[in-house]
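Provided below for reference: sequence and predicted model.
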Amino acid sequence: MPSKKVNTAEAAEQTHAPISHQHQQFVDAIVRGATPTDAYMEVFPGTTRVSAYNSSSRLLKKPEIWQRVSDGQMAAQLRRQQQAREHIIEQLTRIEARLLTLADIIDGRWQHKDTTINKDTGHVIERYRSDPKAALQAIKLEMKLEEQRTLLREQLNTIDSQMQNTSEKE
């Protein structure tokens, strides 16, 4: 399931007191990962670093600004967690497909086909044979993939738990 991109400006307008466009740009810059000082300097170019530090600190003391920053950061965290979850599920799907192929090799259902031509009759002779060496390599790979699958499932459980905790904070 693709992650939905949340527009912090639209979401904030629905639940918070209105703020100016420049203040919303300040909030969005912080949510993207800028420090408050850098965010202030981005929105208000030409401001000195000291002045930006003081002004950004003053802005963050306003409840309508702080709440939007907090909500935006929470939404961004949920998006990152969802993306990580989707990535792990893709990896698990690839591992599951490889394990199915390996099961066929190990069980002997995957065989080499030898083709020869009978010199007397000219007929093509096909023989199938199992490959014990391939089966042994498949078993070793299967063990590694099982280990990776276990680790990925643990990561998925951790992310699900984090997402649940983050959602409960909202």
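Yep, that arrived.

show me where pLDDT drops low in the chain?
In the prediction, the chain carries residues with pLDDT under 70 at positions 1-15, 104-115, 125-131, 170.

most distant residue from the centre of it?
Distance from the C-alpha centroid of the chain, by C-alpha atoms, centre = their mean, peaks at Asp120 (62.2 Å).

now do the phi/psi pair for it.
With angles defined as degrees, to the nearest 10, Asp120 sits at phi -80, psi -40.

quick check: the nearest residue to Tyr53 once chain neighbours are set aside vs Thr93, distance?
Closest residue in space to Tyr53, ignoring its immediate chain neighbours: Thr37 at 4.7 Å, by C-beta to C-beta, 6 or more residues apart in numbering. Every C-beta, even on glycine, is put in place using the N, C-alpha and C of the backbone. Between Thr37 and Thr93 the distance is 43 Å, computed by C-beta to C-beta, to the nearest Å.

same check on Glu42?
For Glu42, the distance to Thr93 (C-beta to C-beta) stands at 40 Å.

of those two, who's got more company?
Glu42 (17 against 10; other C-beta atoms under 10 Å).

doesn't Asp28 make contact with the more buried one?
No - Glu42 lies out of contact with Asp28 (C-beta atoms under 8 Å); the separation is 9.7 Å.

wait, what's in contact with the residue nearest in space to the middle of the chain?
Closest residue to the average C-alpha location of the chain: Ala84 at 2.1 Å, with C-alpha atoms, centre = their mean. Taking C-beta atoms under 8 Å, 6 or more residues apart in numbering, we find Ala84 in contact with 155, 159.

element containing it, please.
Taking DSSP states H and E as the definition, one finds Ala84 inside helix 63-106.

and for the host helix or strand of Ser56, what's in contact with it?
Assigning secondary structure by DSSP H and E places Ser56 in helix 49-60. Here helix 49-60 makes contact (C-beta under 8 Å, 6+ apart) with 23, 26, 36-41, 44, 47, 65-66, 69.

list buried residues within these.
For the contacts of helix 49-60, a neighbour count by 16 or more other C-beta atoms under 10 Å gives the buried set as 23, 26, 36-41, 47, 65, 69.

go through the residues you listed and flag which are in strands.
If you go by DSSP state E, those have nothing in strands.
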